[in-house]
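*Asks:* the sequence and its predicted three-dimensional model are supplied below.
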Amino acid sequence: MNTSDTFKQFVSNIKISEDKAETISYRYGRITKALNEKFRDTDSKTANTLQVGSYGRYTGIKGISDLDMIYIMPSSKWSEYNVKGGQSKLLQDTKNAITSTYSASDIKVDRCVVTVNFSDSHIDIQPVFEIEDQDYKYPDTYNDGSWKVTKPRKEMSAMTESEQDKNKNLRRLCKMARAWKNKNGVCMGGLLIDTLAYNFLNSTSTYDSVSFSSYDEMCRDFFKYLYDQPKDQKEYGALGSKQRVKVHKSFKRKSKKAYDLSLEAIEATSDNSKHNKWRDIFGTDFPKYEKEETEAKLINENYRDTEEYIESLYPVHILYDLKIDCEIKQNGFRNGLLRDFLVNKIRLLPNKSLRFYIDKIEVPYPYQVKWKVTNRGEQAIKRDCIRGQIVDDTGSLEKKETTNFKGSHFVECYVIKDNMVVAKDTIDVPISE
């Protein structure tokens, strides 16, 4: 595997397409025009707004669905809204202005923002008043309402400065981390990802001048950095602004798994194995081994690649935590749980019964659950048993399987809500002779 070419292709594969960027800009422009007409009696599509969040920091990737913008209110309006109930009124007036452009049924007022929903994404609009040092006050309607401060320009500036200092590696690492998040169902917000990537690269000079040829090692070390974070740390100071970014769910288990896989990928002697390990970390946008099908047909001329991919069916936007586990039985007797086997590096033997089940789910009902079982390795190819089809849960929130033959096997679970994958988890099933 040519590390430089492969990671360069991977980063290219996950970039936001020109068509998507044009659509986003068009929507931002229409919303900006509506707000300028309401609050300034002008029709500019660009003035007085700022694209923030992952898109504004240029760390978003294709499939991005949560977009953020701030609208900078005229200072002359401050006295009108700096009264009791003024925060709610400002958000309602913002919503009313946008209804001239988009249907009211697609717009809702949340605690601090107005959200415009589209079939493929949503935009959160936050009306703000500029204060000193290019920071902004925004309305929070919780309890009786208050004004809080946001500092997106400082976060964007820190990202730009670090890009120059780190040979453009920061934004690329942020994007690759988002691909990992989507593939493995890691419940982390974009600002937390960017902050941790920023902190990691600033903690070492190893990657100050390297490029794509060192991205395998950079990713390996980044996942170890994540895993080594204090278990009880609940928040971080955001890059640039130092505003508090909360850790809603622990990312240690999945970062440890990514670290272990990256070690295996780097040490693998087979290019096919290297590519598959990285694809297990980053998903289908990481390039496939180009000779995979040719070599498989040498083993079985009737080989069929039957694997399906959830990102081809639904947009992926991880919002909730999900954990699956597996009960192992043989001859009707319980042997234990699969995760315990994996922790203790005990490989499974054939002829065992497996019951995969959802151990923890935080997605509010209603939702839909789907499963996928994929077999990998020479035995799977010989038996023409790659599988990998995505199937509906039968209603029991479980999937029953058996250990039939040696090789690597993977079970994935997806939770779909509002036609979007909002949670997912994967468990490996290594089977020995």
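*Replies:* Done, it's in. Remember, predicted model here, so these are calculated numbers, not experimental data.
*Asks:* in the stretch 201-350 of the chain, which ranges drop under the pLDDT threshold?
*Replies:* Along the stretch 201-350 of the chain, the model assigns pLDDT under 70 to residues 331-334, 347.
*Asks:* all strands of it, in order?
*Replies:* Residue ranges of the strands in the stretch 201-350 of the chain, as given by DSSP state E, counting those that start in this stretch, are 235-237, 244-246, 322-330, 333-337.
*Asks:* neighbours around the closest residue to residue 10 other than its chain neighbours, how many?
*Replies:* Closest residue to residue 10 in three dimensions, ignoring its sequence neighbours and counting by CB to CB, 6 or more residues apart in numbering: residue 286, at 4.9 Å. Heads up, the C-betas are built off the backbone N, CA and C, glycines and all. Counted with other CB atoms under 10 Å, the burial measure for residue 286 works out to 24 neighbours.
*Asks:* I figured residue 286 hits residue 279, correct?
*Replies:* Yes - when contacts are counted by CB atoms under 8 Å, residue 286 is listed as touching residue 279 (4.7 Å).
*Asks:* right, so the strands of the stretch 201-350 of the chain: which one is the most enclosed?
*Replies:* With neighbours defined as mean count of other CB atoms under 10 Å, these peak in mean count at strand 322-330, which reaches a mean of 18.
*Asks:* which strands and helices sit next to that strand?
*Replies:* Based on contacts counted as 3 or more CB pairs under 8 Å, 6 or more residues apart in numbering; DSSP states H and E, the elements that strand 322-330 packs against are strand 333-337, helix 338-343, strand 353-361, strand 407-417, strand 420-431.
*Asks:* out of the ones you listed, which comes closest to residue 200?
*Replies:* Distances from residue 200 to each of the helices and strands packed on strand 322-330 were compared by CB to CB, and the smallest falls on strand 420-431, at 23.7 Å.
*Asks:* my guess is residue 162 contacts residue 200. True?
*Replies:* No - contact status for residue 162 versus residue 200: not in contact, 10.9 Å apart, counting by CB under 8 Å.
*Asks:* helices or strands up against the longest helix anywhere in the chain?
*Replies:* If each helix of the chain is counted by residues according to DSSP state H, the longest one is helix 18-39. Under the contact definition 3+ CB pairs under 8 Å, 6+ apart, helix 18-39 sits against strand 49-52, strand 66-72, helix 86-98, strand 122-130.
*Asks:* what angle do it and strand 66-72 make?
*Replies:* 30 degrees (axes from the mean of the first three to the mean of the last three CA atoms, to 10 degrees).
*Asks:* any chance you could map the helices in the stretch 151-300 of the chain?
*Replies:* Counting by DSSP state H, counting those that start in this stretch, the stretch 151-300 of the chain forms helices over residues 152-165, 169-184, 190-202, 215-227, 252-267, 271-282, 292-299, given from the N-terminal end onward.
*Asks:* dump the shortest one to PDB, restricted to CA.
*Replies:* What it means is helix 292-299. Included here for helix 292-299 are C-alpha records, laid out as PDB according to Å, rounded to 0.1, in the frame of the first residue of the first chain:
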ATOM      1  CA  GLU A 292      -9.200  -7.400  -3.800                       C
ATOM      2  CA  GLU A 293     -11.800  -8.800  -6.300                       C
ATOM      3  CA  THR A 294      -9.100 -10.300  -8.600                       C
ATOM      4  CA  GLU A 295      -7.400 -12.100  -5.800                       C
ATOM      5  CA  ALA A 296     -10.800 -13.300  -4.400                       C
ATOM      6  CA  LYS A 297     -11.700 -14.800  -7.700                       C
ATOM      7  CA  LEU A 298      -8.500 -16.800  -7.700                       C
ATOM      8  CA  ILE A 299      -9.800 -18.500  -4.500                       C
END
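*Asks:* residues in contact with that helix?
*Replies:* The set of residues external to helix 292-299 that reach it, using CB atoms under 8 Å, 6 or more residues apart in numbering, is 272, 275, 303, 305, 378, 381-382.
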